[in-house]
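Asker: Dropping the sequence and predicted coords here.
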Amino acid sequence: MKYSNEELLSMYEKMVLSRVYEEKVIELLTMGKIQGGAWHLAIGQEAAQVGCITALGPNDYFGPTHRCHGVLATKLDINKFTAECLCKGTGYQRGKAAIVHISSMEEKLFPANGILGAGAPIAVGFAVALKRKKYDGVIVSMIGDGASNEGNYYEALNLAAIMEAPIVFFIDNNGIGFTNPIDNATKVQDLSAKGAAVGIPGVTVDGNDVLAVREAVEAAIEKARMGQPSIVEAKSIRFRPHAEGLSAETRDPKLIEEAKKNDPIARYEKTLKELGVLDDKKISEIYENVTKLALDAFEYGFASPYPSKEDTCDINLVYKTLGGDLA
Amino acid sequence: MRNITYMQALQEAHAEEMMRDENIFLMGIELRHMGSGVGQTAGLYQKFGPDRIFDTPISESGYVGAAVGLALGGIRTIVEVQFADFLSYAFDSIVNQAAKLRYLSDGKESIPLVIRAPQGMGFYFGAQHSQCVESWFMNAPGLKIAVPSNAYDAKGLLKTAIRDDDPVLFLEHKACIFMKGEVPEEEYTIPFGQAKIVRPGTDVTIVAIQKMVWDSIEAAEELQKDGISVEIIDPRTLIPLDKETIFNSVKKTGKAVIVNEAPLRGSVSGEISAVINENCFEYLKAPIKRVGAANIPIPFGANESYVLPNKNDIIAAVKSIV
């Protein structure tokens, strides 16, 4: 095994925290304690997302999508992150961003984007900036299968190729865009094949196999370090509708039942048990710990105040160079 | 003082700033072989080479987006779009990305980016290569907009735009680009938000930008023969807008005509008219008049004159209120 037991367990913990955190969101929505709308959950996609972020080196940046609540809860300060999702003054952007625009450059989290596909060329430019500054790091820019049909994404792929940008395009393919199934959005079988159009390589991996995803992203990061951009596509199936409280499930229930039989967490649990890294006692312990983390984070968020109007409408946050009538 | 063209002034501003600051990166279409669409960056590639100047593929949305990413990554970036009309392709990269990233980071990040594009009439290129687009962008907080009308302002404002830490939409004007003007050899910059009183007068205030400044000067000279004294103000930047200079003039003359080349409906002239109304109402002796293009796409060739405003429209507007 390429990874230490500690690393293997850490990946498992991240997957479980991601799942538990997002299940907590559903529970709080059901209780009416939080509002629906922006909660795009990734339950069922934990192996793809955790495999992706655990491949990053300490200097590497990660560009998330709007469907990254759980995985960002594992990567960022969970309390500050949750407060931001609740638009509170103690959040990362003091309630301006929620998850849709979240960023934390000091923690190498590149801004998420509310305009799907728009983040891809920005990530390419950012990667070129890293290279120009002779910075030893790359960016892994995540995009969904739906947004991978945006023209901006194709332009970004082409620019990455010709600018030799240190970037990995990670496609978190959950098989559906809002309610539109992927086979109704593109005729290509593997989205990684789209790189061929601009002369960059791509691989497609089983997005329910966290180790396969991590290894593929690690290999792509190594290429990116040498100025060779590429695509990694991880295929999984989301278990929930597009967004909690916003959209109903439109898929055949059988499809989701089938997907649940291949639950990425159960599958990884089995692998780790076979490796002797995990047992039922440890599993209970992990669930207990992460449940407390998630609960505490929401308690922190609920207890936090909203930002003031003054702090929210400060012109210094809009412009850095003041002068003249900008307000 | 020496006379150089608006285009040479732009070339000098680029060259001087890129010499001063090695962190400046220039990208756009046809920079290497053409020195930009008109020649605004001629000679720069030979001077600074491929490490500083990048010829982009024809993909405005993507490459302006990449320029936003470069700026976010700390590279002071100038990105050229060959015709301002093509900014529609890059609209999201400018309005939703460049303009908003600082705010959405809670003020932690900044976007030191200049988006340059030539706009307006002058080449007889029709509906998709002749428009004035400043009004498209006025409704985007986070953006600054510079609209130089002459060589001196073009150089001084571009240098300020490059040194600014925020995204600046720098709109050149095609009908002004071959015009010569006095530009000193020595270094200077022009602060944003400072209008210029192009011509002092007492009877009516004209607020005009770019080509319309020159048409307004001609109009004012003719009106002078009829005994009408016109004061012309060139705001030079639209965001920020120097309201004080405009208000002081209108308080003196009591009459205002706002002139720009964009279609009248939804034009920036409406915004300027509104702020005058809100702040100078008790000084106004007549309704504010606006001059702009007809609300019709620009036809090709010399037929554009049927649609676009000119000196005679300005004279008629002034005479209607004096």
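Answerer: The structure has been received and is ready for your questions.

Asker: all contacts plus neighbour counts: C-alpha atoms, from now on.
Answerer: Noted.

Asker: Neighbours of residue 77, how many?
Answerer: Since no chain was named, I'll use chain A. A:D77 has 14 neighbouring residues, counting by other CA atoms under 10 Å in any protein chain shown.

Asker: wait, chain B
Answerer: The local packing of B:T77 (other CA under 10 Å) involves 26 other residues.

Asker: same question, the one 10 residues further on
Answerer: In terms of burial, B:L87 registers 23 neighbours under the definition other CA under 10 Å.

Asker: shouldn't it be in contact with B:S59?
Answerer: No - checked against CA atoms under 8 Å, the pair B:L87 and B:S59 is beyond contact range at 10.8 Å.

Asker: Could you give the bridge partners of A:I171?
Answerer: On the basis of DSSP bridges, A:I171 is bridged to A:I143, A:E233.

Asker: show me what contacts residue 164?
Answerer: Since no chain was named, I'll use chain A. Neighbouring residues of A:E164 by CA atoms under 8 Å, 6 or more residues apart in numbering or on different chains: A:V128, A:G227, A:Q228, A:P229.

Asker: wrong one, chain B
Answerer: A:T321, B:P112, B:L113.

Asker: Make a ChimeraX selection of the buried ones in those residues.
Answerer: Burial among the contacts of B:D164 is assessed by 16 or more other CA atoms under 10 Å in any protein chain shown; the matching ChimeraX selection reads:
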select /B:112,113
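
Asker: right, and out of the contacts of B:D164, which lies closest to A:V16?
Answerer: A:V16 lies nearest to B:P112 out of the contacts of B:D164, by CA to CA, at 40.6 Å.

Asker: List the contacts of the closest one.
Answerer: When contacts are counted by CA under 8 Å, 6+ apart, B:P112 touches B:A71, B:L72, B:G74, B:I75, B:R76, B:T77, B:I162, B:R163, B:D164, B:D165, B:D166, B:P167.

Asker: Then B:P118?
Answerer: With contacts defined as CA under 8 Å, 6+ apart, B:P118 is in contact with B:V81, B:Q82, B:F83, B:A84, B:L171, B:E172, B:H173, B:K174.

Asker: What about the contacts of B:P112, which are in strands?
Answerer: Mapping these onto strands (DSSP state E) picks out B:R76, B:T77.

Asker: between the contacts of B:P112, which has the most around it?
Answerer: Most neighbours among those, by other CA under 10 Å: B:P167, with 32 neighbours.

Asker: so it touches B:A146, yeah?
Answerer: No - if you go by CA under 8 Å, B:P167 and B:A146 don't touch, sitting 10.9 Å apart.

Asker: now the strands for the chain?
Answerer: With no chain named, the answer covers chain A. Ranges of strands in chain A, per DSSP E, are A:61-63, A:139-144, A:167-173, A:176-177, A:180-181, A:202-206, A:230-235.

Asker: try chain B instead
Answerer: Counting by DSSP E, the strands of chain B are B:3-5, B:24-28, B:53-55, B:76-80, B:113-119, B:144-146, B:168-173, B:180-182, B:196-199, B:204-208, B:230-234, B:237-239, B:256-263, B:289-293.

Asker: Dump those to JSON lines, plus mean pLDDT and distance to B:G37.
Answerer: Output for the strands of chain B, formatted as JSON lines (pLDDT from 0 to 100; distance: least, CA to CA, whole Å):
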{"stretch": "strand B:3-5", "mean pLDDT": "98", "distance to B:G37": "16"}
{"stretch": "strand B:24-28", "mean pLDDT": "98", "distance to B:G37": "10"}
{"stretch": "strand B:53-55", "mean pLDDT": "98", "distance to B:G37": "12"}
{"stretch": "strand B:76-80", "mean pLDDT": "98", "distance to B:G37": "9"}
{"stretch": "strand B:113-119", "mean pLDDT": "98", "distance to B:G37": "9"}
{"stretch": "strand B:144-146", "mean pLDDT": "98", "distance to B:G37": "19"}
{"stretch": "strand B:168-173", "mean pLDDT": "98", "distance to B:G37": "12"}
{"stretch": "strand B:180-182", "mean pLDDT": "98", "distance to B:G37": "19"}
{"stretch": "strand B:196-199", "mean pLDDT": "98", "distance to B:G37": "29"}
{"stretch": "strand B:204-208", "mean pLDDT": "98", "distance to B:G37": "26"}
{"stretch": "strand B:230-234", "mean pLDDT": "98", "distance to B:G37": "26"}
{"stretch": "strand B:237-239", "mean pLDDT": "98", "distance to B:G37": "23"}
{"stretch": "strand B:256-263", "mean pLDDT": "98", "distance to B:G37": "21"}
{"stretch": "strand B:289-293", "mean pLDDT": "98", "distance to B:G37": "25"}
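
Asker: Would you map the helices across the stretch 151-300 of chain B?
Answerer: Using DSSP state H, counting those that start in this stretch, the helices assigned to the stretch 151-300 of chain B run over residues B:151-163, B:211-225, B:243-253, B:268-280.

Asker: contacting residues for the one residue sitting closest to the centre of chain B?
Answerer: The geometric centre of chain B, computed from its C-alpha atoms, lies nearest to B:V147 (CA atoms, centre = their mean), at 1.6 Å. Neighbouring residues of B:V147 by CA under 8 Å, 6+ apart: B:F170, B:L171, B:E172, B:H173, B:I209, B:Q210, B:R236, B:T237, B:L238.

Asker: Pretty sure the fourth one sits against B:Q119.
Answerer: Yes - contact status for B:H173 versus B:Q119: in contact at 5.0 Å, counting by CA under 8 Å.

Asker: Against A:D183, how distant is the residue of the stretch 201-322 of chain B found nearest chain A?
Answerer: Nearest residue of the stretch 201-322 of chain B to chain A (CA to the nearest CA) works out as B:P240 at 5.0 Å. As judged by CA to CA, to the nearest Å, B:P240 and A:D183 stand 49 Å apart.

Asker: Ok, B:I75 next?
Answerer: Here B:I75 is placed at a distance of 40 Å from A:D183 (CA to CA).

Asker: One more: A:G245?
Answerer: Applying CA to CA, the value for A:G245 to A:D183 is 26 Å.

Asker: When those two are compared, which one has more neighbours?
Answerer: Shown here are A:G245 and A:D183; by other CA under 10 Å, A:G245 has more neighbours (16 against 11).

Asker: Find the nearest non-adjacent residue to that one, please.
Answerer: Distances taken as CA to CA, 6 or more residues apart in numbering or on different chains put A:G36 closest to A:G245, at 4.5 Å, once the chain neighbours are dropped.

Asker: and that neighbour, what does it touch?
Answerer: Listed by CA under 8 Å, 6+ apart, the contact set of A:G36 reads A:L29, A:A243, A:E244, A:G245, A:L246.

Asker: can you pick the most crowded of these?
Answerer: With neighbours defined as other CA under 10 Å, the most crowded of those is A:E244; it has 20 neighbours.

Asker: my read: it touches A:K24, true?
Answerer: No - contact criterion CA under 8 Å: A:E244 and A:K24 do not qualify, at 11.8 Å.

Asker: related to what we said a few turns ago, distance of the residue nearest to A:G245 from A:P307?
Answerer: Computed as CA to CA, the A:G36 to A:P307 distance reads 20 Å.

Asker: got it, and A:K223?
Answerer: Distance, A:K223 to A:P307, using CA to CA: 43 Å.

Asker: Show the residue spans covered by the helices in the stretch 1-150 of chain B.
Answerer: With DSSP H, counting those that start in this stretch as the criterion, the stretch 1-150 of chain B has helices spanning B:6-20, B:44-48, B:60-72, B:91, B:99-104, B:134-137.

Asker: Just name the most buried of those helices.
Answerer: Across these, averaging neighbours per residue (mean count of other CA atoms under 10 Å in any protein chain shown) puts helix B:60-72 on top, at a mean of 30.
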